[in-house]
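*Asks:* Task: produce atomic coordinates for the following.
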Amino acid sequence: GRGEYIYAPTDSSWAFKDYTLNKCWDLDHYFSAQCWDLGELWWLNYAGRDLSTCGTGGAKGAWLCKEQNAGTEFDLIYDPTQLQAGDWIIFNGGQWGHVGMALGGYNNGYVALLGQNQGGASCVGAGQATNIINISLKDFAGAFRPKTFEKPDPSPTPEPIPVTGCIQRHVYEGDTMSKIMLECENTVVYGEAMDAYAKSWY
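*Replies:* As a prediction, the model looks like this:
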């Protein structure tokens, strides 16, 4: 399907959830509020294009042309245990499948899912309003992760600079910082140690 453009925030999964929850979204004016309409709302605002069902008319068809739907804006997730908030999950169960946005990670075969037409309040015409359910991942086909939601790799801890001729040194009464620094080449003082040394001069 092709949907009309309607604004929704996509800077975070929680902003999108707060904006869409308990409302009916019908972007293609076809069978009223279906699960695809909520995904379409995200794709139009985040990627500037439609969420394709690859000519099937069902949400599960979106995974058939996953590279097209991912484009340059999403990464493809194949392992349900790696899910995180903000991932758009495609389910391949039933005739039409299902699509919704994860609001958390994998939890013993389930995930919290923001979706439409999954048991919420009835909408005019057909379908059900956006709600949140705990859904089984047994029909998981794959997921799209918005690249702005990727978790950066943690910064590596810098390796300590080796000190020539002085690996470890006990400080004795009468030692001065200048004496220690002369005996331990490349000594660097920072943080609390620097504060303590500075106070010793007051």
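*Asks:* Can you name the residues that contact the closest residue in space to residue 150 that isn't next to it in sequence?
*Replies:* Once flanking residues are discounted, residue 150 sits nearest to residue 75: 6.9 Å by Cβ to Cβ, 6 or more residues apart in numbering. The C-beta positions use only the backbone N, C-alpha and C, and glycine is treated the same way. By Cβ atoms under 8 Å, 6 or more residues apart in numbering, the contact list for residue 75 reads 144-145, 147, 150.
*Asks:* Confirm residue 75 sits in a strand?
*Replies:* Yes: assessed by DSSP: H, G, I helix; E, B strand; the rest coil, residue 75 belongs to a strand.
*Asks:* Run through the bridge partners of it.
*Replies:* For residue 75, the beta-bridge partners under DSSP bridges are residue 145.
*Asks:* From residue 27, how far out is it?
*Replies:* Separation of residue 75 from residue 27 (Cβ to Cβ, to the nearest Å) stands at 24 Å.
*Asks:* Format the contacts of residue 75 as a markdown table; extra columns: pLDDT, neighbour count and distance to residue 107.
*Replies:* Below are the contacts of residue 75 laid out as a markdown table (pLDDT from 0 to 100; neighbours: other Cβ atoms under 10 Å; distance: Cβ to Cβ, whole Å):
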| residue | pLDDT | neighbour count | distance to residue 107 |
| --- | --- | --- | --- |
| 144 | 98 | 29 | 20 |
| 145 | 98 | 21 | 18 |
| 147 | 97 | 13 | 24 |
| 150 | 83 | 11 | 21 |
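*Asks:* Which pair in those residues has the greatest spatial separation?
*Replies:* 144 and 150 (12.1 Å; Cβ to Cβ).
*Asks:* Any figure for the gap between the closest residue to residue 96 other than its chain neighbours and residue 94?
*Replies:* Using Cβ to Cβ, 6+ apart and skipping residues adjacent in sequence, the residue nearest residue 96 is residue 58, 3.7 Å away. To residue 94, residue 58 is 9 Å away according to Cβ to Cβ.
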